[in-house]
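Student: Build me a structure from this.
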Amino acid sequence: MPWQWAILEASQKRQLCPTPVSDPHPAHSHDKEDKRTFLQRLAEFLHPGPDSAEELMETLAEAEDNKIIGAQSRAMLEGVIRMADMTAGDVMVAATRMDLLDIQSPMDELLHAVIDTAHSRFPVFEGERENIIGILMAKDLLKLQRAPELNIRALLRPAVFVPETKGLNDLLRDFKGNRNHLAIVIDEFGRVAGLITIEDVLEQIVGEIEDEFDIDDDEGDVFALPDRSFRVNGDATLERVSSAFGVDLLSREDAGDFDTIGGLVAHEMGHVPQRGERHTMLGLQFVVLHTRGGAVRWFKVSPLSAPPTP
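Tutor: Have a look, this model is predicted:
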C-alpha cells in the first residue's frame, strides 16, 4: 500500500541521518581561535618568556636599562624572587644571639634589659633558655605602673613556633594573618634555633628597614644613651673613638690597616659581625646593633670601667 511504503521510506532516512544531539560533555578543543595578532605571535616566537629565575632577573635588568622600571623597583622585585627559595633558617637571629628575659628575674633587671637592648618584643623563658613560655611586649610594662598588682606572667602573649624549613612566603602570610610579628624558630630536633621577625622577612624585599638607631651620617658618630653607654657609628674613625673613650687605638700595630672602628672590630672578631654579637677590646665592650651589606652600621659601646663624661 502507498502509505506503508511512505512510512518505511521515512524510517530508513532517520536511521541513515539521525537527528543531531548535543554532547553533554563536549571535548575542549585546543584549537580555539588565537586572538593574538601575527606580530604578537612573531614577537613571542623570537623573544620567548623567561624559563628560570635567573632569566627573569636578566629580564628585569633589561627593563631597568630600557627605563621601564626604576632601580629600586628592580631591587624589590628581585628580592621577591629570591625570597621564594628562602626559609626561616636563612634569615633568623641565631639562638646564641637572642635577647631573652628570665621570668624569675627581679623587675629592675628586666627593665634594665629592655632599655639596654631597645627591642619591642622579648621571648621570655622559665628555668632554662629552651623553655620559652611567651612573648613580652615592651610597651606592656607600662601597665605595671597603673596596676602594680599585675605580674610579668600576666602580661605574656603566646609564643609562635615555626620550623626553620618554613618558607618566607608562607611565614609572611602567617604574620599578616595572625598579626604576630615574631616567631621562635625550631630545628629538626625540636630545639630553639633562633627567632625571626616580620622585619627580617620584609628586609629581604625592601632592604634594611631603618629605625630609631639609624641616623644620617652627617649628624654625628658618637651618642650618649640613658644607661651611660654610647651608640657609635661603625664608620667612625679610630682617632674619633680613641678621643671619645680615652683609649689608644692608633698605637696598635695593625691600626694603619683600618680606617674605621667597624673594620677593626670585624678584624678582631675574625668574621663578618652579626647583630647582637659582642666583643671586648681595650676595656670597651662593643655590641653590634645594626649591620648593612656585611659592615657594622652601629655599635653600642660600654666602657668596662667608669664611663667618660659625654
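
Student: All the helices of the chain, in order from the start?
Tutor: Assigned by DSSP state H, the chain shows helices spanning 2-16, 38-46, 53-65, 71-83, 88-91, 107-117, 143-146, 152-155, 168-178, 198-206, 238-245, 261-269.

Student: Compare those helices and say which comes out lowest on pLDDT.
Tutor: When the helices of the chain are ranked by mean pLDDT, helix 2-16 comes last with a mean of 49.

Student: closest to residue 230 out of the helices of the chain?
Tutor: Nearest of the helices of the chain to residue 230, taken as CB to CB: helix 238-245 at 7.3 Å. From N, CA and C alone the C-beta is placed, and that goes for glycine too.

Student: Quick one, which of the helices of the chain gets closest to residue 185.
Tutor: helix 88-91 (5.1 Å).

Student: Please state the offset of the closest one from the chain centre?
Tutor: Computed by CA atoms, centre = their mean, to the nearest Å, the chain-centroid distance of helix 88-91 equals 8 Å.

Student: ditto for stretch 172-179
Tutor: Counting by CA atoms, centre = their mean, stretch 172-179 is centred 13 Å from the centre of its parent chain.

Student: Put together JSON lines for the helices of the chain, with distance to residue 252 on each row.
Tutor: JSON lines is the format used below for the helices of the chain (distance: least, CB to CB, whole Å):
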{"stretch": "helix 2-16", "distance to residue 252": "106"}
{"stretch": "helix 38-46", "distance to residue 252": "62"}
{"stretch": "helix 53-65", "distance to residue 252": "43"}
{"stretch": "helix 71-83", "distance to residue 252": "38"}
{"stretch": "helix 88-91", "distance to residue 252": "34"}
{"stretch": "helix 107-117", "distance to residue 252": "28"}
{"stretch": "helix 143-146", "distance to residue 252": "47"}
{"stretch": "helix 152-155", "distance to residue 252": "44"}
{"stretch": "helix 168-178", "distance to residue 252": "41"}
{"stretch": "helix 198-206", "distance to residue 252": "34"}
{"stretch": "helix 238-245", "distance to residue 252": "8"}
{"stretch": "helix 261-269", "distance to residue 252": "8"}
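
Student: Tabulate those helices (CSV), appending distance to residue 281 and mean neighbour count.
Tutor: Below are these laid out as CSV (distance: least, CB to CB, whole Å; neighbours: other CB atoms under 10 Å):
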stretch, distance to residue 281, mean neighbour count
helix 2-16, 102, 9
helix 38-46, 61, 10
helix 53-65, 41, 14
helix 71-83, 35, 15
helix 88-91, 28, 19
helix 107-117, 20, 14
helix 143-146, 38, 11
helix 152-155, 35, 15
helix 168-178, 36, 15
helix 198-206, 28, 17
helix 238-245, 10, 18
helix 261-269, 6, 20
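
Student: Which among those helices is found nearest to residue 184?
Tutor: So among these, helix 88-91 is nearest, using CB to CB, at 9.9 Å.

Student: what does that closest one rub up against?
Tutor: 162-168, 171, 183, 185, 187, 193-194, 196, 200-201, 203-204 (CB atoms under 8 Å, 6 or more residues apart in numbering).

Student: 7 Å instead, please
Tutor: Residues from elsewhere that reach helix 88-91 (CB atoms under 7 Å, 6 or more residues apart in numbering): 162, 164-166, 168, 171, 185, 193, 196, 200, 204.

Student: cool, stretch 70-83 as well?
Tutor: 53, 56-57, 60, 64, 168-169, 204-207.

Student: what about 8 Å?
Tutor: Stretch 70-83 is contacted by residues 53, 56-57, 60-61, 63-64, 69, 168-169, 201, 204-207 when judged by CB under 8 Å, 6+ apart.
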